[in-house]
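>>> I'd like to go over a predicted model; first the sequence, then the structure.
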Amino acid sequence: MKKILSVVVMVALMLVSVLTFSRQAQAEELKMVGTISKIELSADKKSATAILKDSKSGEEVTILVSDELTLDKFMDKRIVEGDEIRCKFEKMDGKNSSKMFKKTAGC
Amino acid sequence: MSGKITVIMLGCALLAATVQAKEHPGKEQILKEGYQGPKTCETCHPGKAREFLGTVHWKHASKVDHVDNIDPNEEYGMKNRIYTMCNGSDIVNNLKEVPPNALGKTKFTGCNTCHPGDHSSDVGSTGPQAEQAIDCLICHSFKYDFSKRKAVKSEDGKVVMTQDRSTEAAANIGRPTIKNCMACHEAAGGGAMIKRGFSMAQKDEVHVTKGIICVDCHQVKNHRFPTGRDPNNWANDGIYMTCVGECHSVTPHKDADYNRHIAKIACQTCHIPKTGGAFSKDFTKWEKQSNGFYEPSTLKREVNETAPVYAWYNLTVSNTPHFIGPKGSRTDGKSKIYPFKIFQGKAYFNKKDGKLLSMDFASPIATGDTLAGVASAARILGIKEYEPVPGWQTIYFGSNHQVAPKNKALSCANCHALNGVLNFKELGYSPKEVEKLTNPELYFEKLLKLQQENE
């Protein structure tokens, strides 16, 4: 019984990983660490764009942020220009949509 | 939901909502005369600043009476404890500027950045200057500009923490919101949701969904914060709380089958099925970041990705160099089964006495040289005889937040099925008892009926 169960679980896990993998391949997920050079909130405050300067390449990347928690942090300036950010984003329809946007921090 | 609970929950939620909407009676005077720090508040709230200096939030320490191998007459807390979630203390990692890294960059670091003082008046300081240094607004203002709270070098070269003391911030005050509390609590352990791994977003926590916030559950009186018995939250203001109290009784369910379990199983066990955050760190090897600084290598998960480990807990704590966690057993008559997030951290131990050594992060952050960090910490603490050897420590963190929607609470088969979440054998049940506890007889009829109702 346990064996069958674990085989089923394994197959399920493999399926899940294959599925998530192919989804990622479709909408490429990228990572970067960079310093914010500009934050601009949209008029309705439901989204914002942040320009991050990649710490490695120096290249500037524009990120679209739409999760409430991060927007709130822009508004009360818990995250400001000059902060260093660890970001994950998806490239879709020519836009870089943020999936994670956190201040870097040591312990 | 039972009628009574609905009423109480609604009550709690309404209370939270109305209090927020209410305007602070001091607003006009503050707008007129500006904000000069705590003394402005004290014109109408005398004694509040002095009172605050006596609490854990200012002292980062208190006497502790439920933990093994410590001195009952000493005070313990973030000020002086060392463990492997954060391998230092306020004393060792006192706020300072780190030496320049390979790219010539430097930054400020220190545990006491999460202290509501200005660093000149630091953790545990007393007297009139300390009273006036308190950042009342970080907890009480809805319009706090967090970009004004940062470490800077003053003209005389001292490192200080600045605050938002604007009239705008002071004119918009009231009971602390989740955001005020999370200003420090979210990033404990080295980054957002790293240590506790719980989210207080509306979609993740049933109480927050209903408008219930930190201070509705933690009913703070005279700045003394009630807390629980998490094995790694030692410092306390002398007031304790559990899930049971004003809002919930010990028989919260209509279904007696659940209520019967409460004698042996803590509410959190069924109601907090997942947390997240860091589950392992290595302080002996730091990773280089693209900005040239180093960070302790950390394995972590999202907030709902870690299943807890379940253990008997009698609310007293085993504390040895390699283990900090719950004591208790099935048979001591005091323990219940609680959920914990297990964390394992690697750091240096002193070969001479077996104790965990602490680390000053300034050098490791800049150069990755962790032994230089140990040497600096030993100097600060006056430890002369030591020989650092790497080793692991296991820590149990209580899972006490992020209560899941009730359809995600553990139900009969989550525990009593053969592949259930509890390891009955390890929890001390005999083979015969395990057989009984994993027999579908216990729940079959009931779950079948539920299934029929839902089909």
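Here it is on my side, so go on. Residues are numbered from 1 along each chain as shown, chains lettered A, B, ... in the order given.
>>> who's in contact with B:Arg50?
By CB atoms under 8 Å, 6 or more residues apart in numbering or on different chains, the contact set of B:Arg50 is B:Glu131. (Glycine included, C-beta is placed from N, CA and C.)
>>> how close does it get to chain A?
29 Å (CB to the nearest CB, to the nearest Å).
>>> can you list phi and psi of that residue for me?
The phi/psi pair for B:Arg50 (degrees, to the nearest 10) reads phi -60, psi -40.
>>> could you pull out the strands in chain A for me?
A:29-41, A:48-54, A:60-65, A:84-92, A:95-103 (DSSP state E).
>>> quick one: pLDDT of the residue nearest to A:Arg78 when sequence neighbours are not counted?
Spatial nearest neighbour of A:Arg78, chain neighbours left out: B:Phe146 (4.2 Å); criterion: CB to CB, 6 or more residues apart in numbering or on different chains. With respect to pLDDT, B:Phe146 scores 94.
>>> and B:Phe146, how many residues sit next to it?
Applying the criterion other CB atoms under 10 Å in any protein chain shown, we find 16 residues in the vicinity of B:Phe146.
>>> now B:Pro99
12.
>>> for the stretch 351-455 of chain B, which segments count as strands?
Ranges of strands within the stretch 351-455 of chain B are B:388-398, based on DSSP state E, counting those that start in this stretch.
>>> OK, contacts around the residue of it found nearest chain A?
Relative to chain A, the nearest point of the stretch 351-455 of chain B is B:Ile365 (5.8 Å; CB to the nearest CB). By CB under 8 Å, 6+ apart, B:Ile365 lies in contact with A:Gly106, B:Val98, B:Asn101, B:Lys107, B:Thr109, B:Trp286, B:Phe293, B:Tyr294, B:Glu295.
>>> please repeat the previous calculation with a cut-off of 10 Å.
Listed by CB atoms under 10 Å, 6 or more residues apart in numbering or on different chains, the contact set of B:Ile365 reads A:106-107, B:98-99, B:101, B:106-107, B:109, B:286, B:289, B:292-296, B:373.
>>> for the residue lying closest to it once chain neighbours are set aside, give me its contacts.
The shortest distance from B:Ile365 to any non-neighbouring residue, by CB to CB, 6+ apart, is to B:Val98 (4.8 Å). For B:Val98, the contacting residues are A:106, B:105-110, B:293-294, B:360-367, by CB under 10 Å, 6+ apart.
>>> related to what we said a few turns ago, any of the contacts of B:Ile365 buried? List them.
Using 16 or more other CB atoms under 10 Å in any protein chain shown as the burial test, the contacts of B:Ile365 include A:106-107, B:98, B:101, B:109, B:286, B:289, B:292-296, B:373 as buried.
>>> for those residues, which one is nearest B:Asn319?
The nearest member of the buried ones among the contacts of B:Ile365 to B:Asn319, counting by CB to CB, is A:Cys107 at 20.6 Å.
>>> so A:Ile85 bridges to which residues?
Legend: beta-bridge partners of A:Ile85 under DSSP bridges are A:Gly34, A:Lys103.
>>> which bits of chain A sit near chain B?
For chain A, the residues in contact with chain B (CB under 10 Å from any CB of the partner chain) are A:1-2, A:5-6, A:9, A:32-35, A:54-57, A:67-69, A:72-73, A:76-84, A:86, A:100-107.
>>> among these, which ones are buried?
By neighbour count, with 16+ other CB under 10 Å, the residues of chain A next to chain B hold A:32-35, A:55, A:69, A:73, A:76-80, A:83-84, A:86, A:101-104, A:106-107 as buried.
>>> buried residues in stretch B:139-157, which are they?
Those would be B:Cys139, B:His140, B:Ser141, B:Phe142, B:Tyr144, B:Asp145, B:Phe146, B:Ser147, B:Arg149, B:Ala151, for stretch B:139-157 by 16+ other CB under 10 Å.
>>> again with stretch B:414-422
Using 16+ other CB under 10 Å as the test for burial, stretch B:414-422 gives B:Asn414, B:Cys415, B:His416, B:Val421, B:Leu422.
>>> what of stretch B:281-289?
Here stretch B:281-289 shows B:Lys281, B:Asp282, B:Phe283, B:Thr284, B:Trp286, B:Gln289 as buried, counting by 16+ other CB under 10 Å.
>>> restrict the residues you listed to contacts with chain A.
Among the buried residues of stretch B:281-289, the residues lying close to chain A (CB under 10 Å from any CB) are B:Lys281, B:Phe283, B:Trp286, B:Gln289.
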